[in-house]
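Engineer: Predicted model and sequence below, questions to follow.
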Amino acid sequence: MIAVVNIDGRQLKVEKNQEFYVNRLSGEKGDKITLNEVLIIEKDNKTTLGTPTINGANVTISILDHIKDKKIVVFKKKRRKGYKVKNGHRQMLTKIKIESISTNSKNQKSNTKADEKKTTAKKTTAKKTTAKKTTAKKTTAKKTTKE
């Protein structure tokens, strides 16, 4: 089972028992967090799309560790001016593991039926065209001067 989850503003494709790093999440080491913002689920070659999220679907993650990433050096220089500034930072990361991906099958079926109803109930609307107004250009006569 594969899911696309929104974690802290980033959309990530996740599977069960997968481990990866994300920006620092609130919570202690060993905590379990349930994410409700599941956008897509693929199970047995059947894909369910959310509008924008899937009702009743959630992903459970566990926090393994809080760490700092490698140092990023930010160096600014303006040539021939004597301006040099060296700064840097270490990004705060959280290592997480995907514990489970679960769905509520009743809501999934109702989502697909609702999508079918929406596609059959769509009506085509004729586009209205408006005529462009043309404006006549005014010409001015050149004045000649006598010397």
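Structural biologist: Now that the structure is in, tell me what you want to look at.
Engineer: Report the beta-bridge partners for the nearest residue to Glu15 once chain neighbours are set aside.
Structural biologist: Setting aside the residues directly before and after it, Glu15 is nearest to Ile2 in space (C-beta to C-beta, 6 or more residues apart in numbering), at 5.5 Å. (Glycine included, C-beta is placed from N, CA and C.) As for beta bridges, Ile2 partners with Glu15, Glu42 under DSSP bridges.
Engineer: Near Ile2, how many other residues are there?
Structural biologist: By other C-beta atoms under 10 Å, the residues close to Ile2 number 14.
Engineer: State the distance from it to Lys16.
Structural biologist: From Ile2 across to Lys16, the span is 9 Å (C-beta to C-beta, to the nearest Å).
Engineer: Repeat that for Ile54.
Structural biologist: Counting by C-beta to C-beta - Ile54 and Lys16 are separated by 17 Å.
Engineer: Comparing those two, which residue is more hemmed in?
Structural biologist: Remark: of Ile54 and Lys16, Ile54 carries more neighbours, 23 against 14, as counted by other C-beta under 10 Å.
Engineer: How about that one: what's its closest non-neighbour residue?
Structural biologist: For Ile54, the spatially nearest residue (C-beta to C-beta, 6+ apart) is Val38, at 5.0 Å.
Engineer: my guess is the one you found meets Val59, correct?
Structural biologist: Yes - at 6.0 Å, Val38 counts as touching Val59 under the criterion of C-beta atoms under 8 Å.
Engineer: intersection of neighbour lists for these two?
Structural biologist: Ala3, Val5, Ile101 (C-beta atoms under 8 Å, 6 or more residues apart in numbering).
Engineer: Pick the one among those residues closest to Met92.
Structural biologist: Distance to Met92 across those (C-beta to C-beta) is lowest for Val5, with 20.3 Å.
Engineer: quick one: the helices in this structure?
Structural biologist: Applying DSSP state H to the chain gives helices spanning 105-121.
Engineer: Okay, now the unreliable bits of it?
Structural biologist: For the chain, the stretches flagged by pLDDT under 70 are 105-129, 131, 141, 146-147.
Engineer: how does it look with 90?
Structural biologist: For the chain, the stretches flagged by pLDDT under 90 are 8, 51, 103-147.
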